[in-house]
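K.L.:
here is a sequence with its predicted model. Questions after.
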Amino acid sequence: MNAISGFSLTEKNYVAAITFLKQRLGNQDMLFHAHLNNLLNISPIKNISDIHGLRNLYDNCETQIRSLEALGATENTYSCLLCQILLKLFPCELTLEFTRIQGNDKKIGCSESHKLPAERN
């Protein structure tokens with residue numbers, strides 16, 4: 001872990017490293033913001049045929065969402081922001097398709113908008 005790489009491997013530094021990690025990882029707000037930042041820093045997909053890029057985008061988003069939920073964040077906490085982030089990351093064709101579907105289904109709210117059509121109730 002880069003956070004403690006500066007500590008030399010001594011008994012004295014063991015306690016200092018543990019204390020440092022507890023301070024850093026025990027701050028729920030900082031962790032929440034770090035995961036949101038990770039979502040904001042995902043590289044956009046330029047081409048709809050970039051299957052590898054789309055899979056990586058999906059995996060990155062899933063990882064950050066699971067991490068947010070592990071911190072106690074509910075879907076209502078991040079879903080509207082996530083929807084806007086995803087729309088900026090998708091290729092134009094996917095954004096247009098999403099907008100078309102959203103326009104036809106007026107009952108889709110923030111909590112439903114980030115789901116694929118097959119996942120919606």
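P.N.:
Perfect, I can see it now. Numbering: from 1, shown residues only.
K.L.:
so for residue 31, what's the pLDDT?
P.N.:
With respect to pLDDT, residue 31 scores 84.
K.L.:
so it makes contact with residue 73?
P.N.:
No. Judged on Cβ atoms under 8 Å, residue 31 makes no contact with residue 73 at a distance of 9.9 Å. In short, each C-beta sits where N, CA and C put it, glycine included.
K.L.:
centroid-nearest residue for the chain?
P.N.:
Geometric centre of the chain, nearest residue: residue 64, 3.4 Å, by Cα atoms, centre = their mean.
K.L.:
which helix or strand contains that one?
P.N.:
Using DSSP states H and E, residue 64 maps to helix 51-70.
K.L.:
and the next helix or strand past that helix?
P.N.:
Following helix 51-70 in sequence, per DSSP H and E, is helix 75-89.
K.L.:
and that following helix, what does it pack against?
P.N.:
helix 28-40, helix 51-70, helix 110-113 (3 or more Cβ pairs under 8 Å, 6 or more residues apart in numbering; DSSP states H and E).
K.L.:
by mean pLDDT, which helix or strand of the protein comes out lowest?
P.N.:
Every helix and strand of the chain was ranked by mean pLDDT, DSSP states H and E. The lowest is helix 110-113, at a mean of 54.
K.L.:
tell me how many other residues surround residue 95.
P.N.:
Residue 95 has 14 neighbours, counted by other Cβ atoms under 10 Å.
K.L.:
surely it meets residue 83?
P.N.:
No. Contact criterion Cβ under 8 Å: residue 95 and residue 83 do not qualify, at 11.1 Å.
K.L.:
give the contact list for residue 55.
P.N.:
Residues in contact with residue 55 (Cβ atoms under 8 Å, 6 or more residues apart in numbering): none are found.
K.L.:
any idea how far it lies from residue 12?
P.N.:
Computed as Cβ to Cβ, to the nearest Å, the residue 55 to residue 12 distance reads 45 Å.
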